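J.: Only the shape, not the letters, is given here:
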């Protein structure tokens with residue numbers, strides 16, 4: 001197939017201008033700190049004490065160029081799909097028959113989440129695994145996020161993103177591929193399983209994209225009652241960010257686009273709430289890992305656009321219609337934001353081949369537990385090759 005000019009796949013290399021880094025440093029030096037209620041840290045949101053340490057590290061110790069070099073160490077490309085330049089990594093597998101695998105991130109994530117898991121999937125033999133399990137991985141930045149964002153770009157809802165990612169895989173020559181994702185990436189992955197089943201070998205998820213409806217349990221079991229209590233607590237205490245991002249995303253964007261400390265506080269709160277960190281996000285992620293992703297959001301100024309899937313979700317239909325019949329794997333990390341029981345999952349996913357309960361980890365599985373996640377992905381897809 002000969003690609004037209006608008007379908008060309010172009011090499012990409014990230015290079016943030018020094019003036020943008022200097023501007024960030026100036027803003028960090030001029031932060032005006034909020035006060036904090038005389039209560040335990042984190043009780044009402046992001047801890048001021050934690051943020052003082054994070055910003056000090058950001059301003060004096062963190063080196064953006066190291067993050068940039070780590071990303072640029074992998075092959076990156078851009079291609080126009082549906083009027084948007086989609087950024088992606090494509091890393092060839094090293095093995096006798098690498099299978100193509102699409103990895104999809106969510107919010108507040110980016111392709112940086114996958115840097116530790118990519119070598120485990122593309123070259124398993126170099127990491128104690130079997131070369132026969134190798135994948136060629138394709139890791140796109142979601143449209144509207146970081147390197148797939150341009151100012152005033154049209155927004156895309158999750159089904160449209162799923163269709164774009166399928167078009168990307170087809171453009172790269174992969175008519176049959178596996179897909180994996182968490183957060184919004186799990187919705188994109190499940191959408192592909194529901195809407196492009198003839199092209200999908202199987203889907204692997206580390207978050208289950210299920211309707212959050214207590215009425216689905218008419219006579220709940222003990223496990224289902226546990227989930228209903230978890231769901232009630234989540235809806236009451238943990239969904240404020242969804243309502244503002246899903247109803248007034250533009251208003252919030254002014255503050256987070258203007259203040260790097262505001263942006264960092266908004267994202268860091270999720271690093272604490274959604275990781276297996278025992279109350280301190282530094283127990284799950286390094287300062288540099290947190291700041292690498294936050295800096296990428298800052299330099300690309302994409303935060304407002306990154307809210308769009310929330311708005312589309314709140315003002316549109318459920319993004320995944322019907323039952324999903326492709327082979328499905330799931331690994332449940334103990335600090336995932338919600339952990340539905342298998343019986344609930346089987347109402348939507350009718351061919352669950354692997355269901356693994358993990359001993360440690362949370363929502364950002366590829367960052368927190370890359371070896372465990374990679375092993376689960378390899379084992380799920382092994383019989384599907």
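T.: Structure received. As the structure is a computational prediction, the values presented were derived from the model and not from experiment.

J.: Quick check on residue 135: phi, psi?
T.: Note on residue 135: its backbone torsions stand at phi -120, psi 150 [degrees, to the nearest 10].

J.: List the residues that contact it.
T.: By CB atoms under 8 Å, 6 or more residues apart in numbering, the contact set of residue 135 is 93, 98, 99, 100, 101, 121, 122, 178, 377, 381. C-beta: built from backbone N, CA, C; applies to glycine.

J.: at 10 Å what do you get?
T.: 91-95, 98-103, 118, 120-124, 177-178, 180, 374, 377-378, 381, 385 (CB atoms under 10 Å, 6 or more residues apart in numbering).

J.: and these, which are buried?
T.: Buried members of the contacts of residue 135, scored by 16 or more other CB atoms under 10 Å, are 91, 93-95, 98-103, 118, 120-124, 177-178, 180, 374, 377-378, 381.

J.: out of those residues, which are inside helices?
T.: 118, 120, 121, 122, 374, 377, 378, 381 (DSSP state H).

J.: Take those residues and lay them out in a markdown table including distance to residue 160 and pLDDT.
T.: Formatted as a markdown table, those follow (distance: CB to CB, whole Å; pLDDT from 0 to 100):
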| residue | distance to residue 160 | pLDDT |
| --- | --- | --- |
| 118 | 26 | 98 |
| 120 | 31 | 98 |
| 121 | 27 | 98 |
| 122 | 28 | 98 |
| 374 | 29 | 98 |
| 377 | 26 | 98 |
| 378 | 30 | 98 |
| 381 | 26 | 98 |
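
J.: Relative to residue 184, which of those is nearest.
T.: When these are ranked by distance to residue 184 (CB to CB), residue 377 comes first, at 18.3 Å.

J.: Which element, helix or strand, includes the closest residue to the closest one other than its chain neighbours?
T.: Excluding the flanking residues, the one nearest residue 377 by CB to CB, 6 or more residues apart in numbering is residue 204, at 5.4 Å. According to DSSP states H and E, residue 204 maps onto strand 200-205.

J.: Next: residue 35.
T.: Assigned by DSSP H and E, residue 35 falls within no helix or strand.

J.: ok, it - contacts?
T.: By CB under 10 Å, 6+ apart, the contact set of residue 35 is residue 48.

J.: please redo it, this time with the cut-off set to 6 Å
T.: Residues near residue 35 by CB atoms under 6 Å, 6 or more residues apart in numbering: none.

J.: Which pLDDT value does the model give it?
T.: The model reports residue 35 with a pLDDT of 96.

J.: same thing with residue 3?
T.: On the pLDDT scale, residue 3 is placed at 43.

J.: residue ranges of the strands in this structure, please?
T.: Per DSSP state E, the chain carries strands over the ranges 9-12, 76-81, 84-91, 99-104, 135-140, 177-181, 200-205, 328-332, 352-357.

J.: Would you check that residue 263 makes contact with residue 255?
T.: No - at 8.4 Å, residue 263 and residue 255 do not qualify as touching, with contact defined as CB atoms under 6 Å.

J.: Which one's more surrounded, those two?
T.: A count of neighbours by other CB atoms under 10 Å puts residue 263 above the other of residue 263 and residue 255, at 20 against 12.

J.: check contacts around the nearest residue to that one once chain neighbours are set aside.
T.: Computed as CB to CB, 6+ apart, the closest residue to residue 263 that is not its neighbour in sequence is residue 256, at 4.5 Å. Neighbour list for residue 256: 262, 263, 266, 303 [criterion: CB under 6 Å, 6+ apart].

J.: what comes into contact with the strand holding residue 204?
T.: For strand 200-205, the surrounding residues in contact (CB under 6 Å, 6+ apart) are 176, 178-180, 186, 189, 192-193, 326-330, 377, 380, 384.

J.: What segments of the stretch 151-300 of the chain are helices?
T.: In the stretch 151-300 of the chain, the helices defined using DSSP state H, counting those that start in this stretch lie at 158-171, 184-195, 222-237, 240-247, 249-258, 260-274, 287-300.

J.: Check which residues of the fifth one are buried.
T.: Residues of helix 249-258 classed as buried by neighbour count (16+ other CB under 10 Å): 249, 252, 253, 256, 257.

J.: Reformat those as CSV; add pLDDT and distance to residue 133.
T.: Converted to CSV, these look like this (pLDDT from 0 to 100; distance: CB to CB, whole Å):
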residue, pLDDT, distance to residue 133
249, 97, 40
252, 98, 42
253, 98, 42
256, 98, 40
257, 98, 42
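
J.: Residue 354: which of these is nearest?
T.: Using CB to CB, the buried residues of helix 249-258 come closest to residue 354 at residue 249, 36.1 Å.

J.: now the closest one, nearest residue through space, not along the chain?
T.: residue 307 (3.7 Å).

J.: these two touch, right, the one you found and residue 245?
T.: Yes - the pair residue 307 and residue 245 qualifies as a contact (CB under 6 Å) at a distance of 4.1 Å.

J.: between these two, which one's more packed in?
T.: Neighbour count, other CB under 10 Å: between residue 307 and residue 245, residue 307 has more, with 26 against 23.

J.: Before we move on, what's the pLDDT of the more buried one?
T.: With respect to pLDDT, residue 307 scores 98.

J.: Same check on the one 5 residues further on?
T.: Confidence per residue is given as pLDDT, and for residue 312 that number is 97.

J.: Residue 258 too?
T.: Residue 258 is given a pLDDT of 98.

J.: Likewise for residue 219?
T.: At residue 219, the model reports a pLDDT of 84.

J.: swap in residue 6?
T.: For residue 6, the pLDDT comes out at 75.

J.: same question, residue 56
T.: On the pLDDT scale, residue 56 is placed at 98.

J.: picking up where we left off before, I'd like the contacts of residue 256 laid out as a markdown table, including pLDDT.
T.: As requested, the contacts of residue 256 are exported to a markdown table (pLDDT from 0 to 100):
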| residue | pLDDT |
| --- | --- |
| 262 | 98 |
| 263 | 98 |
| 266 | 98 |
| 303 | 98 |
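
J.: now, which of the residues you listed sits nearest residue 213?
T.: Closest to residue 213, out of all of the contacts of residue 256 and judged by CB to CB, is residue 266, at 28.0 Å.
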